[in-house]
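In: structure for this input, please:
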Amino acid sequence: MTGRSTAMQPTDDEHQRFARYLQELADAGSQDEVDLVARVLRDPDTVMAQSAMVRHLDRRAAQLPADASFRLDRGHGHRDRGVGVPRSPPARMDGVEVDRRQ
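Out: Residues are numbered from 1 along each chain as shown. Model (predicted):
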């Protein structure tokens, strides 16, 4: 057989599906990725499917810029950051306090 089959074969065990999902996720474009994520999460082995998604997200996160301009504030203000809305000091502190309580 030539090419890679994306259909789950009855003889595929979870290790084979896990490896195939990771490869397909790595190869997928942004629009295809959405459909593929939905398909992976519908896998009957939910633990394996979730593990594949966590691994994929870890790999994607490692590719993100690490400079300070990319980092998001924890807590509040994610939406406001992009539109240039200034934040008051108490609003910035709320995020810190939330982190300490968890």
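In: output the longest helix out of those in the chain as PDB, restricted to C-alpha atoms.
Out: Taking DSSP state H as the criterion, the chain has its longest helix at helix 46-62. What follows is helix 46-62, C-alpha atoms only, in PDB (Å, rounded to 0.1, in the frame of the first residue of the first chain):
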ATOM      1  CA  THR A  46      -9.700   8.900  25.500                       C
ATOM      2  CA  VAL A  47      -6.600   8.700  27.500                       C
ATOM      3  CA  MET A  48      -4.400   8.100  24.400                       C
ATOM      4  CA  ALA A  49      -6.300  10.900  22.500                       C
ATOM      5  CA  GLN A  50      -5.800  13.400  25.300                       C
ATOM      6  CA  SER A  51      -2.100  12.400  25.600                       C
ATOM      7  CA  ALA A  52      -1.600  12.900  21.900                       C
ATOM      8  CA  MET A  53      -3.200  16.400  22.100                       C
ATOM      9  CA  VAL A  54      -1.100  17.400  25.100                       C
ATOM     10  CA  ARG A  55       2.100  16.300  23.300                       C
ATOM     11  CA  HIS A  56       1.000  18.200  20.200                       C
ATOM     12  CA  LEU A  57       0.300  21.300  22.200                       C
ATOM     13  CA  ASP A  58       3.700  21.000  24.000                       C
ATOM     14  CA  ARG A  59       5.400  20.800  20.600                       C
ATOM     15  CA  ARG A  60       3.500  23.800  19.300                       C
ATOM     16  CA  ALA A  61       4.200  25.800  22.400                       C
ATOM     17  CA  ALA A  62       7.900  25.100  22.000                       C
END
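In: buried residues, that helix. List them.
Out: The neighbour-count check on helix 46-62 (16 or more other CB atoms under 10 Å) flags 48-49, 52-53, 56 as buried. For every residue, glycine as well, the C-beta is placed using N, CA and C.
In: so what touches that helix?
Out: Residues outside helix 46-62 that contact it (CB atoms under 8 Å, 6 or more residues apart in numbering) are 14, 17-18, 21-22, 25-26, 37, 40-43.
In: go again using 7 Å as the cut-off
Out: The contact list for helix 46-62 (CB atoms under 7 Å, 6 or more residues apart in numbering) reads 14, 17-18, 21-22, 25, 37, 40-41, 43.
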